[in-house]
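Novice: Provide a 3D model corresponding to the input given below.
(chains A and B)
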Amino acid sequence: MEYILSFFQQHIELIYIVILSIFLGVEVISRVPSVLHTPLMSGANAIHGVVIIGAIIVMGQAEADNYLALILGFLAVILGTVNVVGGFVVTDRMLEMFKKKK
Amino acid sequence: MGLSVLSIIYLIGSVTFILGLKMLSKPDTARKGNLVAAAGMVLAILGTIFLYKSEGKHLHNYGWIAAGLLIGTVIGVMAAKKVKMTAMPEMVSMFNGMGGACAALISVVEFNHLVHSRFNVGEVLSSAGEQMVQQLQRILQGVADGNGNVTIGMHPDLRGHLLIILLGLIIGAVSFAGSVVAWGKLNGRIKDFAFKGQHIVNLVVMAIVVIGAAVLVLTVNQRVQAAVDAGSVDGLLSFQLLFYLILICALIYGILFVLPIGGADMPVVISLLNSFTGVAAACGGFLYNNPVMLTGGILVGSAGTILTILMCKAMNRSLKNVLIGSFGGGAAAAATS
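Specialist: Now for the predicted structure:
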């Protein structure tokens, strides 16, 4: 119990960010026309690719003789990049198609 | 200097994500919104590569990072350009799965780091120094706050850290396995599949994951302490095995969770898994104290959840129907779709 409280106290700023972000996310999306559902999903998909930053940090901190970390980190960087780049490109293509239709 | 620039870059990144999402939800600004978010992402990635410092040290392994980024970019652009318009949802699902896998891999590496770092002599020394500083800080804080319950032990408490690692692992793995199945279903490679008592199997797998995670978190301090006292990693073998068991069960759960859901409901499921991956990314943000990962991940997590509900409404289905209805068997789902 004590530990939980001190954990909260140590990370209180991050917890504030989390809670405010939750409300923000709900507000930002709440009114969206249904034609935009799929592009929005795809755009959000690209944004959570921000996990790539974690992969870069893992990769960048791995010691040269720690092969497990190097290999897994390398894989993580590749996967994360595919997520980010592919996500944004696919979203752009979707929205482009949109424009032409109109 | 570098670090303060980096924190400003992260701030800009977070703001572009919010703006991007906002613009994406309106038809006339949608395309620009996508570009704004992409620009913020590029900025955040470059900033991390060149400015990030941990304990006064820059990142290394630039060659590996650059190679990974290059390969990923090539694959991503090729896949995204080549895909047919009708196949886009399944492509999104695949990309989403990769993000989930990325989060799970980060957790695996961090877990190994947590277990092994205490056995390298140099690291033990430096972490001992770190602990002393931390304890001093804690004592100072305790005095400042006026509460006397300062815990003084040889080893830092690992429970919170491990809990976040496990959350990232489980959510990332479920999202990865589920997304791959969703991709296969939209592709027509995987057929709807449901067997009797599947919901019981699902519950059992889920229970293994939750109980295993709880055991790990609750016993981590004693285990690591005992292993350090014994001076070898051998005692931690079962601990590590349990960790990988959780990973495997989470993957199985992801597969079982998506398999029985009808093909017509797939976009909803993909959107749900998308928000899962967002939460997994946010766990990474917690792990590294990284605000841009945290805001980006949580934003996608909450916006994705709302979007999932909106998509359900647009299809005149309730989320509960989509998820639970499938457990009743493929027939009901097929009939409605």
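Novice: Geometrically speaking, which residue is the centre of chain B?
Specialist: A centroid search over chain B (C-alpha atoms, centre = their mean) returns residue B:280, at 2.1 Å, as the residue closest to the centre.
Novice: correct me, but it touches residue B:104?
Specialist: Yes: if you go by C-beta atoms under 8 Å, residue B:280 and residue B:104 touch, sitting 7.4 Å apart. C-beta: built from backbone N, CA, C; applies to glycine.
Novice: which neighbours do the two share?
Specialist: By the contact definition C-beta atoms under 8 Å, 6 or more residues apart in numbering or on different chains, residue B:280 and residue B:104 are jointly contacted by B:168, B:172.
Novice: tell me the contacts of residue A:61?
Specialist: B:54, B:59, B:60.
Novice: Can you name the residue of the stretch 201-337 of chain B nearest to chain A?
Specialist: Nearest to chain A in the stretch 201-337 of chain B, going by C-beta to the nearest C-beta, is residue B:302, at a distance of 3.2 Å.
Novice: For the residue nearest in space to the middle of chain A, give me its contacts.
Specialist: Nearest to the geometric centre of chain A sits residue A:48, at 1.7 Å (C-alpha atoms, centre = their mean). Applying C-beta under 8 Å, 6+ apart to residue A:48 gives the contacts A:83, B:96, B:99, B:274, B:277, B:278, B:281, B:296, B:297, B:300, B:301.
Novice: What helix or strand is residue 88 located in?
Specialist: Picked chain A for this. Using DSSP states H and E, residue A:88 sits in helix A:87-101.
Novice: my bad, the chain I had in mind was chain B
Specialist: helix B:88-116.
Novice: Report all helices and strands that that helix contacts.
Specialist: Contacting helix B:88-116 under the criterion 3 or more C-beta pairs under 8 Å, 6 or more residues apart in numbering or on different chains; DSSP states H and E are the following elements: helix A:37-47, helix A:52-61, helix A:67-81, helix A:87-101, helix B:62-82, helix B:159-187, helix B:237-258, helix B:266-288.
Novice: what angle separates it from helix A:37-47?
Specialist: Here the directions of helix B:88-116 and helix A:37-47 differ by 30 degrees (axes from the mean of the first three to the mean of the last three C-alpha atoms, to 10 degrees).
Novice: In helix B:88-116, which residues are buried?
Specialist: B:88-113, B:115-116 (16 or more other C-beta atoms under 10 Å in any protein chain shown).
Novice: Was I right to think residue B:312 contacts residue B:306?
Specialist: No: assessed by C-beta under 8 Å, residue B:312 is found out of contact with residue B:306, at 10.7 Å.
Novice: These two: which is more packed in?
Specialist: residue B:312 (21 against 18; other C-beta atoms under 10 Å in any protein chain shown).
Novice: Excluding sequence neighbours, find me the nearest residue to the more buried one.
Specialist: Spatially, and ignoring its direct neighbours in sequence, residue B:312 is nearest to residue B:319 (4.9 Å; C-beta to C-beta, 6 or more residues apart in numbering or on different chains).
Novice: check contacts around the one you found.
Specialist: Counting by C-beta under 8 Å, 6+ apart, residue B:319 has contacts B:268, B:272, B:308, B:309, B:312.
Novice: With pLDDT added, can I get the residues you listed in JSON lines?
Specialist: Shown next, in JSON lines, are the contacts of residue B:319 (pLDDT from 0 to 100):
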{"residue": "B:268", "pLDDT": "90"}
{"residue": "B:272", "pLDDT": "93"}
{"residue": "B:308", "pLDDT": "92"}
{"residue": "B:309", "pLDDT": "90"}
{"residue": "B:312", "pLDDT": "89"}
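Novice: What is the nearest of those to residue B:179?
Specialist: Distance ranking of the contacts of residue B:319 against residue B:179, using C-beta to C-beta, places residue B:272 first at 10.3 Å.
Novice: Give me the three-state assignment for residue B:317.
Specialist: coil (DSSP: H, G, I helix; E, B strand; the rest coil).
Novice: Thought residue B:264 was touching it, still the case?
Specialist: No: if you go by C-beta under 8 Å, residue B:317 and residue B:264 don't touch, sitting 9.2 Å apart.
Novice: Between the two, which has more neighbouring residues?
Specialist: residue B:317 (17 against 14).
Novice: In chain B, where's the longest helix?
Specialist: helix B:198-230 (DSSP state H).
Novice: Quick check: buried residues in it?
Specialist: B:198, B:202, B:205-206, B:208-209, B:212-213, B:216-217, B:220-221, B:223-224, B:227-228.
Novice: for chain A, which spans come out with low pLDDT?
Specialist: Low-confidence segments of chain A (pLDDT under 70): A:100-102.
Novice: circling back to that earlier point, now render the contacts of residue A:48 as TSV, adding distance to residue A:64.
Specialist: Formatted as TSV, the contacts of residue A:48 follow (distance: C-beta to C-beta, whole Å):
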residue	distance to residue A:64
A:83	27
B:96	33
B:99	27
B:274	36
B:277	31
B:278	33
B:281	27
B:296	30
B:297	30
B:300	34
B:301	35
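Novice: The residue of the stretch 201-337 of chain B closest to chain A and residue A:30, how far apart?
Specialist: In this view, residue B:302 and residue A:30 are 11 Å apart by C-beta to C-beta, to the nearest Å.
Novice: So between those two, which is more surrounded?
Specialist: Regarding residue B:302 and residue A:30, a neighbour count based on other C-beta under 10 Å identifies residue B:302 as having more, with 24 against 12.
Novice: ok so that one is a helix residue?
Specialist: Yes: assessed by three-state DSSP, residue B:302 belongs to a helix.
Novice: That one is in contact with residue B:282, isn't it?
Specialist: No: using C-beta under 8 Å, residue B:302 makes no contact with residue B:282, being 9.9 Å away.
Novice: ok, the closest residue to residue B:283 other than its chain neighbours - how many residues close by?
Specialist: Nearest residue to residue B:283, sequence neighbours excluded (C-beta to C-beta, 6+ apart): residue B:168, at 3.5 Å. Counted with other C-beta under 10 Å, the neighbours of residue B:168 add up to 31.
Novice: How about the contacts made by the residue lying closest to residue A:69 once chain neighbours are set aside?
Specialist: For residue A:69, ignoring the flanking residues on the chain, the nearest one in space by C-beta to C-beta, 6+ apart is residue A:62 at 3.9 Å. Residues near residue A:62 by C-beta under 8 Å, 6+ apart: A:69, A:70, A:73, B:61, B:109.
Novice: go again using 10 Å as the cut-off
Specialist: By C-beta atoms under 10 Å, 6 or more residues apart in numbering or on different chains, the contact set of residue A:62 is A:68-74, B:59-61, B:64, B:109, B:113.
Novice: what's the answer for residue B:163, then?
Specialist: Residue B:163 touches A:7, B:213, B:214, B:216, B:217, B:218, B:220, B:283, B:286, counting by C-beta under 10 Å, 6+ apart.
Novice: for chain A, longest helix please?
Specialist: helix A:12-29.
Novice: helices or strands up against that one?
Specialist: helix A:2-10, helix A:37-47, helix B:2-24, helix B:266-288, helix B:291-314 (3 or more C-beta pairs under 10 Å, 6 or more residues apart in numbering or on different chains; DSSP states H and E).
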